[in-house]
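[1] Sequence plus the predicted model coming up.
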Amino acid sequence: MTEIFGYPLPVVLGQLVLGLVNGSFYAMLSLGLAVIFGLLRVVNFAHGAFYMLGAYAAYIALQSLGINYWFALVVAPVAVAAIGVVIERLLLRHLYKLDPLYGLLLTFGIALIAEGTLRQQFGSSGQSYPVPDALQGAMNLGFMILPIYRAWVIVASIAVCVATWFIIERTRLGSTLRAATENPQLVQAFGINVPLMV
């Protein structure tokens, strides 16, 4: 049997696939962080907490409200985005012209509040929920059995990353957003409401 660094090839390939699954989560997390920093110039320490908030929003939608998995996949990000917009409008907006340290401290405080609240409500261990029927089963890759829900994570992550890139780089909205972050006065001179857009 072929070995790499003393480990059988199927074991190495299996670990690479699991690393790809975990990396997909991190890719979506870092993508959001990069977009926020790129557009708003705010180091958002609360970004991970919002990611967690989205997971718990989906969990509550699935378990407590009995919402379908695919609908919860839409509702949870929209709910967390609404919370993010409220926080940005009420708190962060006032700090844009100040030292970036203030935004960092504010978002760090928001992260502590969100994490503490969820820890008190749900405990510090993860919450399990049943895998949806459409994502049950597994695929035989020859060197490992990959559950379909893990393959879904990879596909969804790639789709989100490509869609975000496309919106920012290839649409009128994206070009306006990029221009608004580079030269907001010029963009406002063209009659575009920059604060509303960003």
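    Here it is on my side, so go on. Bear in mind that the values here come from a model prediction, so they are computed numbers and not experimental data.
[2] Can you report phi and psi for Ser125?
    Main-chain torsions, Ser125, degrees, to the nearest 10: phi -100, psi 160.
[3] Distance of it relative to Tyr149?
    Counting by Cβ to Cβ, to the nearest Å, the gap from Ser125 to Tyr149 is 20 Å. Yep, even glycine has a C-beta here, placed from its N, CA and C like the rest.
[4] repeat for Ser24
    As judged by Cβ to Cβ, Ser24 and Tyr149 stand 12 Å apart.
[5] just Pro184 next, same as before
    For Pro184, the distance to Tyr149 equals 43 Å [Cβ to Cβ].
[6] neighbour-wise, which of Ser24 and Tyr149 wins?
    Each of Ser24 and Tyr149 has its neighbours counted (other Cβ atoms under 10 Å); Ser24 has more, 20 against 15.
[7] you'd agree the more buried one is up against Trp152?
    No - assessed by Cβ atoms under 8 Å, Ser24 is found out of contact with Trp152, at 9.7 Å.
[8] Can I get stretch 178-194 in PDB? Just the C-alpha atoms.
    Taking Å, rounded to 0.1, in the frame of the first residue of the first chain, the C-alpha atoms of stretch 178-194 are listed here in PDB:
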ATOM      1  CA  ARG A 178     -16.000  49.600  -4.200                       C
ATOM      2  CA  ALA A 179     -16.000  53.200  -5.500                       C
ATOM      3  CA  ALA A 180     -17.900  54.300  -2.400                       C
ATOM      4  CA  THR A 181     -15.200  52.900  -0.100                       C
ATOM      5  CA  GLU A 182     -12.400  54.400  -2.200                       C
ATOM      6  CA  ASN A 183     -13.800  57.900  -2.700                       C
ATOM      7  CA  PRO A 184     -17.200  58.500  -1.000                       C
ATOM      8  CA  GLN A 185     -17.300  62.200  -1.900                       C
ATOM      9  CA  LEU A 186     -17.000  61.600  -5.600                       C
ATOM     10  CA  VAL A 187     -19.700  58.900  -5.500                       C
ATOM     11  CA  GLN A 188     -22.000  61.200  -3.600                       C
ATOM     12  CA  ALA A 189     -21.400  63.800  -6.300                       C
ATOM     13  CA  PHE A 190     -23.000  61.400  -8.700                       C
ATOM     14  CA  GLY A 191     -26.200  61.400  -6.600                       C
ATOM     15  CA  ILE A 192     -25.600  58.100  -4.800                       C
ATOM     16  CA  ASN A 193     -26.400  57.900  -1.100                       C
ATOM     17  CA  VAL A 194     -23.200  56.400   0.100                       C
END
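[9] Thanks a lot, catch you later.
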